[in-house]
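Colleague: One predicted model, sequence on top.
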Amino acid sequence: MRYQGQTIDFTEPKGAEALCAPDSVSWRVFKNPVTLAVGGITAVILELAEPRVRHGVWDHSIFEKQPLTRMKRTGLAAMITVYASAELATQIIERIGRMHAGVSGTTPCGKAYHASDPELMNWVQATASFGFLEAYHALAGPLSEADRDRFYAEAQRSAALYGATAPPASVQQQAALFEKMRPHLEPSAILTDFLDIVQKALPLPGAGLYVRAAIELLPDGIRQDLGLEARRAKPWMMKALRVMAKAADRLPAPGAPPVQACRRMGLSGGYLYRRQKPAGRPLGRALHKS
């Protein structure tokens, strides 16, 4: 597996800790490819709703012409952040930061933006955490309030490396940030184009279900503000995706980053796919019983 020319091996070095521990909520959430696909779309919708982020992404990336390549690269970066050794993850995040340092401009409405702006990094971090968490919670299996708070707290270390100075550390803080940012969010032709492009580009059966589910996960008020009510998922669509997400949550894929990372830590490849023990239990006890 390669990321921008660098070979990424999630199995090495043996025993090397990641930014989060194997018994973290993050390791549990990020292993599910169905919820990652849905949650990733939700996150990008929210990012593109903010005009400065929208033009930073759309005007300075290959998303419009090569959406699948960009989505795969972003997905791999997420896998590296969660499952790679902390040393490798830090190196890759620093590289991404150097790339962001060169992204700046002005929106058509005259708002200046810079990709390294902490306010924008806080928003991107919040939207990513929200999308992945809510997709898992809605489709793979409900998470407790404590687990959901823990998920946001676990992201603090990597968020700081990316340049976020005040990312939400709990569900309550996430909701407060969304309320603060809501007046600045807006519909756009770019957002509509993104949804259409993704629906055509995703190499998945029923790609339209993923897009509609992603829209369904948006906070009600924001979904209405963005004019996306007509593209909400029908109940049967969410039910179908729940079947797929629950199956994916139990079936380890050989060679996938979560499986390889578990083996690096001396765990079986199926460690994350077993019935989960309560979050917060000391890792040593979890390893002893795995």
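Modeller: Now that the structure is in, tell me what you want to look at.
Colleague: Share the number of residues neighbouring Ala164, please.
Modeller: 21 (other Cβ atoms under 10 Å). Every residue, glycine included, has its C-beta placed from N, CA and C.
Colleague: Tell me how far it lies from Lys31.
Modeller: Ala164 sits 23 Å away from Lys31, going by Cβ to Cβ, to the nearest Å.
Colleague: ok, Ala245 to Ser129 distance?
Modeller: Counting by Cβ to Cβ, the gap from Ala245 to Ser129 is 18 Å.
Colleague: just for the stretch 51-200 of the chain, where's the confidence low?
Modeller: 62-64 (pLDDT under 70).
Colleague: Strands of that one, residue ranges please.
Modeller: 104-106, 112-114 (DSSP state E, counting those that start in this stretch).
Colleague: Turn these into TSV, including mean neighbour count and distance to Asp147.
Modeller: Formatted as TSV, the strands of the stretch 51-200 of the chain follow (neighbours: other Cβ atoms under 10 Å; distance: least, Cβ to Cβ, whole Å):
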stretch	mean neighbour count	distance to Asp147
strand 104-106	13	38
strand 112-114	16	34
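Colleague: Just put these in TSV and tack on distance to Phe178.
Modeller: As requested, the strands of the stretch 51-200 of the chain are exported to TSV (distance: least, Cβ to Cβ, whole Å):
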stretch	distance to Phe178
strand 104-106	25
strand 112-114	20
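Colleague: Now do the end-to-end distance for stretch 100-118.
Modeller: Start and end residues of stretch 100-118 are separated by 12 Å (Cα to Cα, to the nearest Å).
Colleague: Check stretch 224-231 too.
Modeller: 11 Å.
Colleague: Which positions in that stretch come out as buried?
Modeller: Neighbour counts over stretch 224-231 (16 or more other Cβ atoms under 10 Å) mark Asp225, Leu226, Leu228, Arg231 as buried.
Colleague: Then stretch 129-136?
Modeller: In stretch 129-136, counting by 16+ other Cβ under 10 Å, buried: Ser129, Phe130, Gly131, Phe132, Leu133, Glu134, Ala135, Tyr136.
Colleague: How about stretch 141-149?
Modeller: Quick answer for stretch 141-149 (16+ other Cβ under 10 Å): Leu143, Asp147, Arg148, Asp149.
Colleague: same deal with stretch 213-223?
Modeller: Neighbour-count burial for stretch 213-223, counted by 16+ other Cβ under 10 Å, picks out Ala213, Ala214, Ile215, Glu216, Leu217, Leu218, Pro219, Ile222, Arg223.
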